[in-house]
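K.L.:
Next input, structure requested:
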Amino acid sequence: MLKKNITLRVVKYVTVSLFAMICCTALTVCAFAVKTTCTVYNGSNTYSNNYSFYWGTPTESYLCNRTNGYMRVQNLGKSGVLVEYYDKSFNLTGTKKIKQELPIFGAFYETSANYYIVSGQENLKQSNTVECYRITKYDKNWKRLSSVGLKNCNTYIPFDGGTCRIAQVGKYLILHTCHEMYATSDGLHHQANVTIQVDTSAMKITDAFYDIMDVNVGYVSHSFNQFIAADGNKIVTLDHGDAYPRSLALIKYRADVSKGKFQADYFDSPCKYYSMLDIPGATGDNYTGVTVGGFEVSSKAYITVGTKINFNDSNSVSNIFVSTLKKNGTTATVKMITSEKSTDIGTPHLVKVATDKYILLWTKDTKVYYTFLDAYGNKTGKIYSMTGEISDCVPIVSSGKLVWYTWNNEKVNFYEINISSPASNKKTAIVNGHKYKWNGTTNGTAKLKCTVCGKTTTKKVATRFDVYWERSNGLYYKALTTHTYYAGSTINFFYGMDIDSEVVAKSSDHAIVSVSDNTLKMKKAGSATITFYPRYNPTLKQVFKFTVKNKFAVTDLSVKSKTSSSVTLKWSSSDEAAGYIIEKYNGKKWVRAAKVTGKSNTSCTIKGLQPDTAYKFRIKAYKKSGRTYAYSGYSSTLTAKTNIAVSAVSGVKSKSATTTSITLGWNKNSNATGYVIQQYKNNKWVQVAKTTKNTTVSYTVKSLSTATTYKFRIKAYKGTLSSKWTYINATTNPYVVKNLKASAKTASTVTLTWNKHRTAQGYIVEQYKNNKWVRVTKITNKATASYKVTGLSSSTVYKFRVKAYRIADKQARYGTVSATCTVRTNPTGVSGFKASERTKNSITLEWSKNSKVTGYVLQYYNASAKKWTDMKRIGSNITLSCKVNSLTSGKSYAFRIRTYKTIGKNTQYSAWSNCKVSTKR
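P.N.:
Just a heads-up that it's a prediction; the model follows:
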């Protein structure tokens, strides 16, 4: 067993100030956008998730979801635990102070029905009667309900050199923490982990381990950080070990903790140990080059995140790693997320935001970085960043956002990240303390009143105030010799007052003249007013107006605009210049690119450049005296890159059309982001669509008029860059042919008719043959709305359809085809129809057999009625004669016959065959 090289006792001292002066200079804008408190709790949790020296410390900051907002829990040390309530907009709605139980804060935990605080105390006399750990139970209104403590637990100092984290399984809470132990025979207090199980319904401890043993019971020494998670009804712990073992030790416990014990039989069911990260170095060397920030159990694996140095280079900086052990695996996989070379990265957080979806957060310098991990700890997207900080407050998920806070004295900052749109983030800054307003000054005493709580106070302020300006001789004078300066120059000043007071110094335009640290800086040409006064005695205000000019030389060459083939440069005018010379570097030497005449002409476009290419430019002013030219020095070199050339859209065409829509198509533009489509209407171009993918290569314009030609244009874009427009005319299809029918038919012909329409220039008649539609004819006369189809077979079903067409832009546009007209041709007629026998009062008619018909219909002409009259209907095609009796001798009679064919309920008739014959006399 090894003793830590340094014995650590971390105490965060917090004081309360009810009188906090919020001082806003002209350079600081204090916006109190949310409801705050005048009470200030001094202390800080910013970056307190980072290790203190080589080990972690207990988490003292927590954020919880509530129905209408949030609850913030912050340990204040001896002052107790601060509880603040906020609405969803982070307005403060309430405050509680929870009395400190034992002197050392360990952890806070929330269940569905209760709050719990873990606290502890030193046991420097190694007494078995000292309560070293206490778990206190509260209801959701923070009413203390009960507590349970652990004594006689081999504890010298609880929570020392590590943390305290809690997991819940049913009614049980399992605490995983640490301690310095009783001195052993070597006289040293060794450090190790501690695990405690509490039945929260009975508030009693059902199991605990705090002795010296080995990993078979979950023992790790030294353990510099402790994590715990439930995996079903069993627990899994993670310890940052520097000795036994020297690794990030993941330990699976075998017992079912829902039965009240986390320890199983040492011999039959020992704990299973896995190394999430082997740490090189001597056993017990406190320095490991590693920190641990998060531990989660997914459905597939165990995931650990932290920072580590390059173990092969002890001088390297820390970078983020993710270590993953599959649930059925034995060896962890370590992946690096960052690769910083010069700046250490802070200890990260790992937060579960959905099933098998996690956010990894860390800090570098003044920014928070974050990215998503999957169930195996793989990074699933880009790394995002935002300006801000993190703390020991583990972020929570609330209304689709990741939320956490930082605290630094009077300042509380809440941060939000939109989980579904991670580039969207927000910081809500809260500044607590009195908001004093000046209510006048009498005899050097300013009257102040808080606009929040109404508290009043007074403050001695200056009654004499002067500003002294530095001159070229290094001495300071109240009078300024000039108010006009060149850009780039500075003026130093100081204040003369009878009482040292806070001074407000503000500029009317910081872009022209800035003021800070007793120095004015002339930044660019223009005018600005500088105002000085003691904060709480503005009657002593002094105002100075400055005019800034540019020198002969040009110092602010910049890019005004650019295209793929040009760059427009701009600069501020030089008072002494007659014009300007612009030069471009061609790779070997500087060459003149342009000469601009006139000092007021302060921009120039350099054309003929290549797209997506970086060019270097510089400028010098010139002036002329007689025949002599004088030149200023060159400006700093400006590098400007031309835009990417977004090529025009090619292959634009009308892919298809209907009577009310046109589908435009084009070729993919691989260097574009998307496309803009416009239509010309009402004498102007109007955008009808903007696509966001360059793979979208068609668009349908709807709600158009029938058989009408429209103008369209399309361009590609990439960011703010666009190609030239490509134009196209496209026409909607003519109308849909309606009321198509067979107006007449024979055994070999069908006459089709339909309604004509003004939008058609002609029609296409199609017949269904051999399982496909075949063109029968093209009618080029728009006034023709009928067609006779010939050469058909008798008693046969045919299908026809018609579509209108119109020629536009040398291309035929077809209307949607009509409804199909289905028609059966008539059967063939009778042949050989004649009188085979005549008498004075009878005529026998006969005809040839038609085997394809059902029968025959005979009629005679009734002369008195002047119409044809049915005479006989023969229902068999083998009956080939008919005798007509009761006729008058010597009289002429007219007869006719036709065939018929019955199919189902439909009967088709042939054309008539006629016969005229007379009876004998």
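K.L.:
Going by residue numbers, what spans are helices in the stretch 301-450 of the chain?
P.N.:
Counting by DSSP state H, counting those that start in this stretch, the stretch 301-450 of the chain forms no helices at all.
K.L.:
Next, the buried residues of stretch 748-756.
P.N.:
By neighbour count with 16 or more other Cβ atoms under 10 Å, stretch 748-756 contains the buried residues 750-754, 756. For the C-beta atoms, the positions are set from N, CA and C on the backbone; glycine is no exception.
K.L.:
what's the spacing between residue 893 and residue 438?
P.N.:
Using Cβ to Cβ, to the nearest Å, we find residue 893 at a distance of 132 Å from residue 438.
K.L.:
I meant residue 383, not that one.
P.N.:
Taking Cβ to Cβ, one finds residue 383 at 47 Å from residue 438.
K.L.:
Equivalent analysis for residue 605, please.
P.N.:
53 Å.
K.L.:
can you check residue 341 too?
P.N.:
For residue 341 relative to residue 438 (Cβ to Cβ), the value is 51 Å.
K.L.:
Let's check: the centremost residue of the protein is which one?
P.N.:
For the chain, residue 421 is the residue whose C-alpha lies nearest the centre (Cα atoms, centre = their mean; 3.1 Å).
K.L.:
Need the pLDDT of that residue.
P.N.:
In this model, residue 421 is scored at 96, pLDDT.
K.L.:
again, but for residue 782
P.N.:
On the pLDDT scale, residue 782 gets 88.
K.L.:
Export stretch 634-653 to PDB, keeping only CA atoms.
P.N.:
Taking C-alpha atoms only, stretch 634-653 is exported to PDB below (Å, rounded to 0.1, in the frame of the first residue of the first chain):
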ATOM      1  CA  TYR A 634       3.400  50.400 -49.300                       C
ATOM      2  CA  SER A 635       0.500  49.200 -47.200                       C
ATOM      3  CA  SER A 636       0.600  45.800 -45.600                       C
ATOM      4  CA  THR A 637       0.100  43.000 -48.100                       C
ATOM      5  CA  LEU A 638      -3.500  42.000 -48.500                       C
ATOM      6  CA  THR A 639      -4.300  38.400 -49.600                       C
ATOM      7  CA  ALA A 640      -7.700  38.000 -51.300                       C
ATOM      8  CA  LYS A 641      -9.100  34.800 -52.700                       C
ATOM      9  CA  THR A 642     -11.400  35.000 -55.600                       C
ATOM     10  CA  ASN A 643     -14.700  33.200 -55.300                       C
ATOM     11  CA  ILE A 644     -15.200  29.600 -56.600                       C
ATOM     12  CA  ALA A 645     -16.600  29.800 -60.100                       C
ATOM     13  CA  VAL A 646     -20.100  28.400 -60.000                       C
ATOM     14  CA  SER A 647     -20.700  27.300 -63.500                       C
ATOM     15  CA  ALA A 648     -24.000  27.900 -65.300                       C
ATOM     16  CA  VAL A 649     -26.500  25.200 -65.100                       C
ATOM     17  CA  SER A 650     -26.400  23.000 -68.300                       C
ATOM     18  CA  GLY A 651     -28.900  20.600 -69.900                       C
ATOM     19  CA  VAL A 652     -31.900  22.600 -68.900                       C
ATOM     20  CA  LYS A 653     -35.000  21.200 -70.500                       C
END
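K.L.:
for this structure, which spans come out with low pLDDT?
P.N.:
Within the chain, the stretches with pLDDT under 70 are 1-33.
K.L.:
domain ranges for it?
P.N.:
Using automatic domain parsing, the domain parsing of the chain gives 1-48+55-100+391-433, 115-286, 290-390, 465-549, 558-641, 653-729, 741-824, 834-918.
K.L.:
Can you pull the phi and psi angles for residue 856?
P.N.:
Backbone torsions for residue 856, taken as degrees, to the nearest 10, come to phi -140, psi 150.
K.L.:
Just confirm it contacts residue 878, I think it does.
P.N.:
No: contact criterion Cβ atoms under 8 Å: residue 856 and residue 878 do not qualify, at 10.5 Å.
K.L.:
ok so, going back, residue 893 and residue 438: which is more packed in?
P.N.:
Neighbour totals were compared for residue 893 and residue 438, and residue 893 leads with 19 against 15 (other Cβ atoms under 10 Å).
K.L.:
Would you mark the buried spots in the helix or strand harbouring that one?
P.N.:
Element membership of residue 893 [criterion: DSSP states H and E] is strand 892-903. Buried residues in strand 892-903, counting neighbours by 16+ other Cβ under 10 Å, are found at 893, 895-901.
K.L.:
What values do phi and psi take at residue 57?
P.N.:
Phi and psi for residue 57, reported as degrees, to the nearest 10, are phi -130, psi 160.
K.L.:
quick one: it and residue 276, what's the gap?
P.N.:
From residue 57 over to residue 276 the distance is 21 Å, taken as Cβ to Cβ.
K.L.:
more crowded one of those two?
P.N.:
Each of residue 57 and residue 276 has its neighbours counted (other Cβ under 10 Å); residue 276 has more, 26 against 22.
K.L.:
wait, isn't that one in contact with residue 250?
P.N.:
Yes: Residue 276 is within contact range of residue 250, at 5.1 Å (criterion: Cβ under 8 Å).
K.L.:
So for the two, which residues contact both of them?
P.N.:
Residues touching both residue 276 and residue 250 (Cβ atoms under 8 Å, 6 or more residues apart in numbering) are 238, 302, 304, 325, 332.
K.L.:
count of neighbours near the nearest residue to the first one once chain neighbours are set aside?
P.N.:
Excluding its sequence neighbours, the residue lying closest to residue 238 (Cβ to Cβ, 6 or more residues apart in numbering) is residue 227, at 4.1 Å. For residue 227, the count of nearby residues is 23 (other Cβ under 10 Å).
K.L.:
for the one 10 residues further on, same thing?
P.N.:
Neighbour count of residue 237, defined by other Cβ under 10 Å: 25.
K.L.:
From residue 324, how far out is it?
P.N.:
In this view, residue 237 and residue 324 are 17 Å apart by Cβ to Cβ.
K.L.:
Then residue 308?
P.N.:
Using Cβ to Cβ, we find residue 308 at a distance of 15 Å from residue 324.
K.L.:
cool, residue 733 as well?
P.N.:
Distance, residue 733 to residue 324, by Cβ to Cβ: 60 Å.
K.L.:
what two of the buried residues of stretch 748-756 have the greatest distance between them?
P.N.:
750 and 756 (18.8 Å; Cβ to Cβ).
K.L.:
Spit out the contact partners of the closest residue to residue 134 other than its chain neighbours.
P.N.:
The shortest distance from residue 134 to any non-neighbouring residue, by Cβ to Cβ, 6+ apart, is to residue 149 (4.4 Å). Contact analysis of residue 149 by Cβ under 8 Å, 6+ apart lists 131-135.
K.L.:
Thanks a lot, catch you later.
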